[in-house]
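Asks: can't give you the sequence, but here's the structure:
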C-alpha cells in the first residue's frame, strides 16, 4: 500500500483503510450519530451522495489541491467514509454505483492535476504510482506526453465507444500510445469507478447506528427516483435485417454474419428449430451441420457455453454493421428499439 | 466428392506427407498447441494435442487428412474442451486473401459451379443451365492476385515494424496454398491481448474508423496548422504522403481539403482506407482460439502446400508450392480456363478425357473441375 500524506488522503479517500483511519483519529461510528458537532458530518455525507446521484461531482472544501483550513482535511475523509456507511445501511445498489462513479471522477480531477504538475515532481510521481499500484498501468513521461504500451492502452480503451479512443485516432510510435494527462486519467475512469465500487460492495455492513436512521431513509427514497422501465418496439436492427435479406436471396452470408444472426435470435428467445430454416437458402446449406452449429451456439451441445451476440463495434470491424439513425446510442444489436420510460 | 476421387487424392496427399515431412514445421512449444484436421467429405476433428514431430507424422499417416490445422494459441490442456483448455496466450496472426481485394482480374478466372445441376460456367450470378442461385465460386491462380496480395503483406509489415517496433525477424510470411498469405508475428506485446483488443488492432491496420480531428480537420474553426506534415510518423504520415502526393503539393491540397469542409474530409478518410490500409481478414486476427492451417501441410482447396516465403519478392506462388508428382493420370476435366502450375500451362478443357500430371489433376479435382476417368 502507498503511504499517503494528509492531503493525499483527502484527495483519494478510497485509498485509506476506513476502520484504521477512524481509530487513528480517535473516533467511533457511534459518536457521529450522537455528538451534535459530529452529526453535521452525516448531513455532509448525505449531500455527497445526493450530488453523486444527480450525476455531479462533489465540491470539496479543498481549494485547488490545497487545504482551505486545517480542520477541513479530516472532514473531507469523514464525509466519504460516512457516505459509505450510509450506502451500506441503505443497501441501494444503484446509489452505490452512481456514488462510485462520481467519486472516481472527483479523484480523476486531482490525478490529472498531479500528473500535469511541473513544479512538484513528487506529486507527479505519486499520481503515476497510484495508477500503477491500482490498475497495473505503467505510464512514463515523455516530453509533454505520457506514454503507455499499446497493449495496455487497448485493455482500457476497448471499453470506450467514442471514436476518438480508437487506436487509429491516437498517436502511436514505437509500440506506445501518447496521451495527455487528461487522457491518461480518463483512460482509467472505469477502473477507478470499479475499484471504488468494489471497495464499497466488499465493506462490511454495520448494524444500524442510532442517529443514522433519518439519512438512511432519505437515501432509500432517493434511490426510487432511479428505477427505470424499458419497452421494445420488437423491430429487428438493420444488421439483422440485412443478414436475413442476404439469406432470403440465396446469397452467401459469411460465417461471422451467420454467427451474429443466430446468436441474436437465440438471445431473443427463438429456438434452434425456429432459426434453422432461415439458413435453408444458403449455397452450402446442410441441415445436419446447421443444427449442430445452432445447438452449439445455444449451449445445448458441446461445452455448454451460450454464445452471446457480438457488439456493434465488433460487427463494424467485420463489415456487418449497417447502422441507421435509430441505432444511435446502442452498443449491441440486442439493445435496438429499447426505450427507457 | 466421388469415392474414387477421394481415394486418388488421399494417396497423393499420403505420398506427400511421407516424402516431404521435413517441409512440415512443427511449431515451437508443440505440446501447448491444439491441433485439428479434416478428412475428405467429413467434418472437423479438433482438440488434439501432439507431443512432437513423430506424433504429428503418425497422425498424418494414419488419418491422411485433407487439411491440417494448429492453434496460434497456447494452452495448458490443449486437448480438453474449449472452456477447460486454460488459454495462456496467442501469437498474432494475419490472413490476406486475394478474394477480399476487389481485383478486376477476378472475373476472368472465377468459375461458378451449380450446386443443383453441377453445371460449370464462367463467373455468373445464376446457373446458365437451370437458373439456380446456389453457386459455388472457384477461382484459379492468377499472378496479379498474388502480386496484389504481396503488396498488402508489405503494407502490413511496414505498419508492424514502424508503428509497433516489431522486429522484422519476428514476422514470418507463408503462402496459404491457395490465393493469399498467412502472416505470423512472434514475441510481441500482444501475446496476451484478447479478442476485443485484437479487433482494435485490426481497425488500426486497416485504417478503419479514423476521425477528421486526428488528421488535421477540426469541426469548428479549422486551420492549416493542425494538418499533418509529410514526414510525420505513423498514420498521419502515411495519410499525408498519400493525400498530398508530394511535399510541394501539401499547401495546395490542404487549401482544397479546407474548402471542401468537414464531412467531405470524413469521406476522404473512409475512401483512402481502401488504398492505404492493409486488407487483412479481420476475423482471423480477432480469433484467439483459431486453429490455423499448419505450415507445410497441403491445402485441399488446391493441393498446394502452405509454404514459408523466405524472399517474398522472388516468391512464385504457383511454381514454388506444388510438391506433388509429375506422373501422368487420366481425368475427365471440365476446366474452361487455362492455368499455370510448376511453370506448365494446363487447359482449357471442355468436358474431355485428358492425361495430365498428378499435381494438375489434384489441383482440378480439389476445385471440383475434374474427376478420375
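Replies: Thanks, I have it. Since we're looking at a predicted model, the values are computed, not measured.
Asks: dump the residue contacts of residue A:200.
Replies: For residue A:200, the contacting residues are A:84, A:87-88, A:96, A:99-100, by C-beta atoms under 8 Å, 6 or more residues apart in numbering or on different chains. C-beta: built from backbone N, CA, C; applies to glycine.
Asks: Sitting in helices, which of the residues you listed do you find?
Replies: Using DSSP state H, the subset of the contacts of residue A:200 located in helices is A:84, A:87-88, A:96, A:99-100.
Asks: Mind picking the two most distant members of those?
Replies: Using C-beta to C-beta, the ones in helices among the contacts of residue A:200 reach their maximum pairwise distance at A:88 and A:100, which is 12.7 Å.
Asks: Between these two, which has more neighbouring residues?
Replies: residue A:100 (24 against 17; other C-beta atoms under 10 Å in any protein chain shown).
Asks: Can you say which helix or strand has the nearest residue to residue A:279 once chain neighbours are set aside in it?
Replies: Nearest residue to residue A:279, sequence neighbours excluded (C-beta to C-beta, 6 or more residues apart in numbering or on different chains): residue A:290, at 5.1 Å. If you go by DSSP states H and E, residue A:290 is part of helix A:287-298.
Asks: Show me what counts as buried in that helix.
Replies: Residues of helix A:287-298 classed as buried by neighbour count (16 or more other C-beta atoms under 10 Å in any protein chain shown): A:290-291, A:293-294, A:296-298.
Asks: which other residues reach that helix?
Replies: Contacts of helix A:287-298 (C-beta under 8 Å, 6+ apart): A:258-259, A:262-263, A:266, A:272, A:275-276, A:279, A:301-302, A:306-307, B:43.
Asks: let's go with 7 Å and repeat that
Replies: Contact with helix A:287-298 is made by A:262-263, A:266, A:272, A:275-276, A:279, A:301-302, A:306-307, as judged by C-beta atoms under 7 Å, 6 or more residues apart in numbering or on different chains.
Asks: can you tell me if the helix or strand following that helix touches chain B.
Replies: Next in sequence after helix A:287-298, counting helices and strands by DSSP H and E, comes helix A:312-317. Yes: contact of helix A:312-317 with chain B (C-beta under 7 Å from any C-beta of the partner chain) involves A:314, A:317.
Asks: Output the contacting helices and strands for helix A:312-317.
Replies: helix B:195-206 (3 or more C-beta pairs under 7 Å, 6 or more residues apart in numbering or on different chains; DSSP states H and E).
Asks: Please compute how far the helix or strand that contains residue A:199 lies from its chain's middle.
Replies: Take DSSP H and E as the rule and residue A:199 turns out to sit in helix A:189-202. In terms of C-alpha atoms, centre = their mean, to the nearest Å, the centre of helix A:189-202 is found 9 Å from the chain centre.
Asks: what do you get for stretch A:166-183?
Replies: Average the C-alpha atoms of stretch A:166-183, do the same for its chain, and the two points are 21 Å apart (C-alpha atoms, centre = their mean).
Asks: Now it: buried residues?
Replies: Residues of stretch A:166-183 classed as buried: A:166-173, A:175-179, A:181, A:183 (neighbour count, 16+ other C-beta under 10 Å).
Asks: Next, the distance between the ends of it.
Replies: From its first residue to its last, stretch A:166-183 covers 13 Å (C-alpha to C-alpha, to the nearest Å).
Asks: now what about that stretch, what contacts it?
Replies: Outside of stretch A:166-183, the residues within contact range by C-beta under 7 Å, 6+ apart are A:112, A:115-116, A:145-150, A:153-154, A:163, A:187, B:163-165, B:189, B:200-201, B:203-204, B:207-211, B:214, B:233-235.
Asks: circling back: between the buried residues of helix A:287-298, which is closest to residue B:176?
Replies: residue A:293 (24.1 Å).
Asks: confidence score at that closest one?
Replies: The score at residue A:293 is 89. That number is its pLDDT.
Asks: distance of the residue of chain B most remote from its centre from chain A?
Replies: What lies farthest from the middle of chain B is residue B:221; by C-alpha atoms, centre = their mean that is 44.4 Å. Applying C-beta to the nearest C-beta, to the nearest Å, the value for residue B:221 to chain A is 18 Å.
Asks: Next: residue B:76.
Replies: In terms of C-beta to the nearest C-beta, residue B:76 sits 16 Å off from chain A.
Asks: returning to that earlier point: what are the phi and psi angles of the residue farthest from the centre of chain B?
Replies: Dihedral angles of residue B:221 (phi, psi; degrees, to the nearest 10) stand at phi 50, psi 60.
Asks: List the beta-bridge partners for the closest residue to chain B within the stretch 1-150 of chain A.
Replies: Using C-beta to the nearest C-beta, the single residue of the stretch 1-150 of chain A nearest to chain B is residue A:149, 5.3 Å away. When bridges are called by DSSP bridges, residue A:149 pairs up with residue A:176.
Asks: That one contacts residue B:190, correct?
Replies: No: at 9.6 Å, residue A:149 does not count as touching residue B:190 under the criterion of C-beta atoms under 7 Å.
Asks: ok, how many other residues are close to residue A:48?
Replies: 23.
Asks: show me what contacts it?
Replies: A:58, A:79-80, A:83.
Asks: Please repeat the previous calculation with a cut-off of 6 Å.
Replies: Residues near residue A:48 by C-beta atoms under 6 Å, 6 or more residues apart in numbering or on different chains: A:58, A:79, A:83.
Asks: out of those residues, which is most surrounded?
Replies: Result: residue A:83 is most packed of the contacts of residue A:48 (other C-beta under 10 Å), 28 neighbours.
Asks: isn't residue B:127 right up against residue B:115?
Replies: No: assessed by C-beta atoms under 6 Å, residue B:127 is found out of contact with residue B:115, at 8.6 Å.
Asks: who's more crowded, the two?
Replies: The residue with more neighbours, out of residue B:127 and residue B:115, is residue B:127; 21 against 16, by other C-beta under 10 Å.
Asks: any idea how far that one is from residue B:135?
Replies: The gap separating residue B:127 from residue B:135 is 6 Å, by C-beta to C-beta, to the nearest Å.
Asks: residues bridging contact with those two, i.e. touching both?
Replies: When contacts are counted by C-beta under 6 Å, 6+ apart, the set common to residue B:127 and residue B:135 consists of residue B:114.
Asks: and chain B, which residues reach chain A?
Replies: By C-beta under 6 Å from any C-beta of the partner chain, the part of chain B that sits against chain A consists of B:81-83, B:133-134, B:163-165, B:189-190, B:193, B:196-197, B:199-200, B:202-204, B:209-211, B:214, B:233-234, B:282-283.
Asks: Run a quick neighbour tally on the residue lying closest to residue B:110 once chain neighbours are set aside.
Replies: Using C-beta to C-beta, 6+ apart and skipping residues adjacent in sequence, the residue nearest residue B:110 is residue B:123, 4.2 Å away. Using other C-beta under 10 Å, the number of residues around residue B:123 comes to 16.
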